[in-house]
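Participant: how would this look folded up:
(one chain, ligands or ions: 1)
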Amino acid sequence: MSGQSRFDALMAVNKRPPIAMVEGHGSWLTDENGKRYLDFVQGWAVNSLGHSPAVVAEAVASQAKRLLNVGPAFWTQPLVDLATLIAGDRPLNRVFFTNCGAEANEGAIKLVRKWGGLHRRGAHEIITMIHSFHGRTLATMSASGKAGWDTIFEPKVPGFVKVPMNDIAAVERAVTDRTAAVMLELVQGEGGVNPADESFVKDLRRLADDKGILLVVDEVQTGMGRTGKLFAYEHFGVTPDIMTLGKGIAGGVPLGALVARDAICCFEPGDQGGTFNGNALATAAGAAVFRVVSDPSFLAEVTRTGAYLAERLGALGKEHGGFVRGRGLLLALVLGSDRANDANAIVARAFDQGVLLNAPRPNVLRFMPALNVSRAEVDRMIETLGPLLAV
Ligand SMILES: *Cc1c(COP(=O)(O)O)cnc(C)c1O
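Facilitator: Numbers count the residues shown, from 1 in each chain. Below is the predicted model of the structure:
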């Protein structure tokens with residue numbers, strides 16, 4: 001990277017426009033020049049209640065004045081509160097908090113390996129899906145089925161076997177004495193918004209029970225109301241053994257969680273931890289978000305808004321030869337064959353016109369707005385997108 005920009009002190013890990021964002025409220029973001037953007041990315045499905053929602057700002061401000069962090073040696077009230085909220089009377093009732101989604105998945109991998117060591121004669125392999133995304137640490141990159149990742153940062157962490165999603169026969173063939181778990185996203189987010197089939201997930205649960213292996217769902221993107229249920233697994237009528245959370249869990253404050261059935265929790269003191277894990281600030285934000293998004297009427301509205309967005313995108317798709325897929329407010333417009341490489345160009349033009357969209361693949365536009373996005377904001381985004389598809 002050649003020099004001479006005020007951004008040069010940063011490692012160039014991402015292509016970013018040469019502007020800084022300064023403020024955000026709800027679905028609107030403002031840059032340093034005062035230009036406003038209608039945000040249908042929201043920090044990659046992170047700002048579940050939009051930019052700087054009052055409930056999170058207040059929870060963070062009041063917790064910051066009282067107690068930020070005591071380290072892993074003590075409990076705090078926000079830590080206990082959020083764990084208790086997530087556990088509820090649900091089957092996945094033991095929580096370990098992390099600082100991000102990748103770290104939650106690292107924890108899941110460690111828990112599976114320890115469990116396999118104790119209960120499946122040392123089995124440690126995890127079957128994962130092609131096009132999956134589980135994070136950017138070495139183990140989670142190794143677990144991911146993202147194209148091109150199999151050859152970088154070698155040597156990888158061994159022990160991950162990749163199969164195509166929605167192909168139960170391929171999973172069955174991949175199970176051996178070394179297998180300890182199957183791990184998947186219920187809607188692959190980074191892979192292009194690819195939903196898992198209901199029958200596939202049910203078959204996975206049956207297979208896991210038959211073979212005595214664990215079912216792990218990575219709900220970092222799909223969890224906390226994004227798909228219209230609190231957790232996406234609730235759509236499938238199955239219960240996983242392990243679930244990971246992140247992204248929207250604390251509405252923009254860094255937080256993740258590893259959640260598991262009590263019966264398979266085999267970590268002992270010293271096995272897992274981290275300096276900042278479960279700190280009072282992040283868990284206070286998480287508790288504030290949880291109280292909003294777990295309300296059945298809030299979730300019902302996510303479903304309705306998602307259906308409205310899907311309908312409007314579907315109409316555009318019909319006009320221009322594409323189609324919609326996804327669940328709740330994690331949706332994609334798959335472009336028609338004549339626009340198969342245009343998603344990035346459309347994102348760039350939408351940005352110029354003040355609308356933030358995302359293209360996880362060259363032919364896919366992804367929509368992950370705030371869960372409380374309004375219909376007027378959906379209409380506004382569609383008004384910008386429509387003409388861009390026509391060109
Ligand atoms: C974003 C994401 C991750 C990684 O989370 P980070 O917070 O970026 O570490 C893992 N899994 C899924 C499904 C994700 O969408």
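Participant: contact partners for the residue of the chain at minimum distance from the ligand?
Facilitator: Per C-beta to the nearest ligand atom, G101 is where the chain lies closest to the ligand, at 2.4 Å. C-beta here means a position set from N, CA and C on the backbone, and glycine is covered the same way. Going by C-beta atoms under 8 Å, 6 or more residues apart in numbering, G101 touches H134, G135, D218, V220, Q221, T244, L245, G246, K247, G256.
Participant: can you say which of those residues are buried?
Facilitator: Buried subset of the contacts of G101 (neighbour count, 16 or more other C-beta atoms under 10 Å): H134, G135, D218, V220, Q221, T244, L245, G246, K247, G256.
Participant: okay, the third one: pLDDT?
Facilitator: Per-residue confidence at D218 stands at 98 (pLDDT).
Participant: identify the bridge partners of it.
Facilitator: Listed beta-bridge partners, D218: T244 (assigned using DSSP bridges).
Participant: list the contacts for it?
Facilitator: So D218 contacts G101, N105, A108, S132, H134, M183, L184, E185, M243, T244 (C-beta under 8 Å, 6+ apart).
Participant: now, the residues you listed that are in helices?
Facilitator: G101, N105, A108 (DSSP state H).
Participant: make a markdown table out of these and add distance to N69 and pLDDT.
Facilitator: Shown next, in a markdown table, are these (distance: C-beta to C-beta, whole Å; pLDDT from 0 to 100):
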| residue | distance to N69 | pLDDT |
| --- | --- | --- |
| G101 | 21 | 98 |
| N105 | 23 | 98 |
| A108 | 24 | 98 |
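Participant: closest to E58 out of the contacts of D218?
Facilitator: E58 lies nearest to G101 out of the contacts of D218, by C-beta to C-beta, at 25.1 Å.
Participant: tally of neighbours for the closest residue to I86 other than its chain neighbours?
Facilitator: Distances taken as C-beta to C-beta, 6 or more residues apart in numbering place V95 nearest to I86, at 5.2 Å, with adjacent residues excluded. The number of residues packed near V95 is 21, by other C-beta atoms under 10 Å.
Participant: report whether whichever strand or helix holds V95 contacts the ligand.
Facilitator: Assigned by DSSP states H and E, V95 belongs to strand 92-98. No. For strand 92-98, no contact with the ligand is found by C-beta under 6 Å from any ligand atom; the gap never falls below 8.6 Å.
Participant: helices or strands next to that strand in the packing?
Facilitator: In terms of contacts (3 or more C-beta pairs under 8 Å, 6 or more residues apart in numbering; DSSP states H and E), strand 92-98 is packed against helix 77-87, helix 101-119, strand 256-261, helix 280-293.
Participant: could you list the residues in contact with it?
Facilitator: Against strand 92-98 from outside (C-beta under 8 Å, 6+ apart): 79, 82-83, 86-87, 104, 106-107, 239-243, 246, 255-262, 265, 267, 272, 274, 277-278, 282-283, 286.
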